[in-house]
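K.L.:
Turn this into a structure:
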Amino acid sequence: MPQPLADESAQLSELQALAREGRYREVIERIDALPPGEAEERAPLALLAAEACGRLGEFDAAVRWTARGLDLAQRRRDTPAELRAVHYQGAIAWQRGAVEEAESHFQRSLELARAIRDVAAEARAFNNLGILRNLLGLPDEALTNYQLALASYQQDGNVRGIAETHINMEISWLALGNPIRARAAADEAVRLAREVGDSTLIGLSLVARAETSRALGDPALAAAELQLAELAYESVRFTAGLAELRRLQAAVARARSDFPTARRLLEQAHELTLGQASLDTQAEIDRDLGDTLAAQGDAAGARAARERARELFHRLGARQAEQAIAALLPPA
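P.N.:
Residues are numbered from 1 along each chain as shown. Predicted coordinates for the structure are as follows:
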């Protein structure tokens, strides 16, 4: 017997509430417990599953759910659902290193958002285009996109989106060599994340702030902030964030000249990335591992890690990062 529409609406609202709280593992568990085929025939559920899988770093499952949601949306001429699906396609392509494909999807999502006057979706598109600009070594252009995203999120009253944008701005300000502006962006992200009450978002913002603490020469504060971030992740079983967290813990250890601890943490981070983390995270971990092994006198290990990082940055189109590593490698 088909489920009453009122029950379907209540079910979807409950799952959306879990997602807003960053409880993505619970979202997946609840969807998996539905009768066979139910989520596959409802675009909102398929796209919610795609989002949750993507947030958890389960990209193969995210691809399947996104394709299903897009097919349902297009067959039913549901433009808002199509917009969400195209956005997820871009996010997954970016996580897997297909930068040109990701940019194409995000540009398409921007067009769809403007066509239906969806301000929040327009903001997400600007945000994601900014991420790609930063990845390509263009932090100034990234910040321009982030400012456009902020304006749209503020118009929409979307506090979560504003927080996420400030996290991204922190990364670009650091890339421009301005840790003071980066710190201000991270502080605002932490404040807003706590206002939202999303543990995943709180953890991500604390990781961003820890990165600025380290850049400003305070490894003790960075270590404390990373510990708080890990507790936030553990509360919602957000394992996808652990690889980047371990990378920054290793950076703190290196700042203290504790290279054995840094190596152990980076090796843990490397294991965590397998099949889960985005390519840019994998590349940064291998780059840092190469630096750490070089500091320990392990020339062969350093070269292997740096070669992996160079290849990953090449796949991402991150030419500046690729060239910086190439300069450290001995002639072939």
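K.L.:
and stretch 196-210, which residues are buried?
P.N.:
Going by neighbour count (16 or more other C-beta atoms under 10 Å), the buried part of stretch 196-210 is 196, 198-210. Where you see a C-beta, it was placed from the backbone N, CA and C, and this is true even at glycine.
K.L.:
Low-confidence ranges, the protein, go.
P.N.:
When residues are selected by pLDDT under 70, those of the chain lie in 1-7, 275-277, 332.
K.L.:
one step back: identify, from the buried residues of stretch 196-210, the entry nearest to residue 323.
P.N.:
Closest approach to residue 323 among the buried residues of stretch 196-210 (C-beta to C-beta): residue 208, at 25.9 Å.
K.L.:
got the contact list for that closest one?
P.N.:
Each residue near residue 208 by C-beta atoms under 8 Å, 6 or more residues apart in numbering is listed here: 167, 170, 171, 185, 186, 189, 190.
K.L.:
Among those residues, which pair sits farthest apart?
P.N.:
Using C-beta to C-beta, the contacts of residue 208 span at most 14.7 Å, a distance reached by 171 and 190.
K.L.:
and residue 226, which of the three is it?
P.N.:
Classification of residue 226 by DSSP: H, G, I helix; E, B strand; the rest coil places it in helix.
K.L.:
The contacts of residue 208 in helices, which ones?
P.N.:
Those of the contacts of residue 208 mapping onto helices are 167, 170, 171, 185, 186, 189, 190, per DSSP state H.
K.L.:
Okay, helices next: where are they in the stretch 101-250 of the chain?
P.N.:
119-135, 139-156, 159-175, 179-196, 199-215, 219-235, 242-255 (DSSP state H, counting those that start in this stretch).
K.L.:
CSV please, covering the ones you listed and showing distance to residue 262.
P.N.:
Listed next are the helices of the stretch 101-250 of the chain as CSV, based on distance: least, C-beta to C-beta, whole Å:
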stretch, distance to residue 262
helix 119-135, 24
helix 139-156, 26
helix 159-175, 19
helix 179-196, 21
helix 199-215, 12
helix 219-235, 11
helix 242-255, 4
